[in-house]
Structures are given as structure tokens and as C-alpha cells.
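**Q** Have a look at this fold, sequence not included:
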């Protein structure tokens, strides 16, 4: 369960656009760090990330329930009675899990911490000129449209990823469980 939540949260972080940091990495050019912070601020990246987290927070109960119910259903080692019991326990635990996930996603330091980690990445990946080009793009009408649509695109992309990936993961887990139990 915890691994599923970590995977979902990790996917969100990986898919989310990056933001600005309080402390640059020593190897990063200070001019690039400053330009990156300025670019990301003009992108309103904090707002984008908060909107993405809000959408993830709203969809998390459904995703947790679907993932955990599928894992229970695909567990060949469980009898029908044990599966029913596991489904019941999951339903009882969902409000607590949902509240815990809400606490993670609504923690105001979460965005700050992610932002603090991301500027050095941009500053080490792009040159000052490239950061300026990115800034020009994000200031353009197309760049603004991209930013406005980013939270929805990320949410829908994650839904697609889950829809495509989960049956494969569940099949692999069921096969692994069966081969382990069968030995």
C-alpha cells in the first residue's frame, strides 16, 4: 500500500513542472540560478504545482481504492472469504488513508520543498541563453496556454498511465505470487 502511494506521489513529482529554490547548488552558475528563479516565477509554477496537487488530492481516494481492490482481487493466495474481508478492511481504512494523503498534498511546505530541489536541476541542465529562450516561450501565448492546461494534462496523463500500466503490473504481481506460492 505504502509503495503504491509513494509511486503515485513520485509520478506526480516527476511529471510536475519544476520551480524555484532557496539555495543554489554550488556548481550551478548563479546567473543561471537567478534566471531560472525568474523564469519559474513568471511561469507561476507555484500555482501550477498547487493546482496539480489539488487535483491529485481529489482523485487519490478513487485511485487508492481501485489499486488496492485490484491487488486484493488478483491475489491468488486469498480465498473468497479472505478477499471479502480484505475489501471490507480497505473500505474501513480508506477514510484514514484519504485524510493522511490530504495532509501530505495540502502541506504548504511540500511545494516549497519541491521548488527548493528543482532550481539547481534546471540551472545545471540549461545554459543562461537556454533559460532565456524558455522564458520567452513561456511568455508567449502558446507558452501561457501550455501553463494553463498543465494541471489537467498532468492529471489526465497520470490517469492514462495508471489505466495502461496497472493491468500489466497486476498481472505481473499475480504471476509472481503464483510462482512463489507454487514453489
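**A** Here it is on my side, so go on. Owing to the predicted nature of the structure, the values given are computational and were not obtained by experimental measurement.

**Q** So residue 42 sits against residue 138, correct?
**A** Yes: with contact defined as CB atoms under 8 Å, residue 42 counts as touching residue 138 (6.4 Å). Quick note: C-beta positions are derived from backbone N, CA and C, even for glycine.

**Q** Among these two, which residue is more densely surrounded?
**A** Using other CB atoms under 10 Å, the more surrounded residue of residue 42 and residue 138 is residue 138, with 19 against 13.

**Q** give me the element residue 87 is part of.
**A** helix 80-106 (DSSP states H and E).

**Q** tell me which residues in stretch 154-172 are buried?
**A** Neighbour-count burial for stretch 154-172 flags 154, 155, 158, 162, 166, 169, 170 (criterion: 16 or more other CB atoms under 10 Å).

**Q** Same list (those) but as JSON lines, adding pLDDT.
**A** Formatted as JSON lines, those follow (pLDDT from 0 to 100):
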{"residue": "154", "pLDDT": "83"}
{"residue": "155", "pLDDT": "83"}
{"residue": "158", "pLDDT": "86"}
{"residue": "162", "pLDDT": "85"}
{"residue": "166", "pLDDT": "85"}
{"residue": "169", "pLDDT": "83"}
{"residue": "170", "pLDDT": "83"}
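
**Q** quick one: which of these sit in helices?
**A** If you go by DSSP state H, the buried residues of stretch 154-172 have 154, 155, 158, 162, 166, 169, 170 in helices.

**Q** Tabulate those (CSV), appending distance to residue 179.
**A** Supplementary listing: those in CSV, determined by distance: CB to CB, whole Å:
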residue, distance to residue 179
154, 36
155, 36
158, 30
162, 25
166, 20
169, 16
170, 15
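
**Q** Between those residues, which sits nearest residue 104?
**A** Comparing these against residue 104 with CB to CB places residue 158 closest, at 16.0 Å.

**Q** and the gap between that closest one and residue 120?
**A** Distance of residue 158 to residue 120, computed by CB to CB, to the nearest Å: 25 Å.

**Q** Report the next helix or strand after the helix or strand bottoming out on mean pLDDT in the chain in sequence order.
**A** Confidence across the helices and strands of the chain bottoms out at helix 2-15, with a mean of 40, counting by mean pLDDT, DSSP states H and E. Downstream of helix 2-15, the next assigned helix or strand under DSSP H and E is helix 30-42.

**Q** next helix or strand past that following helix?
**A** helix 45-74.
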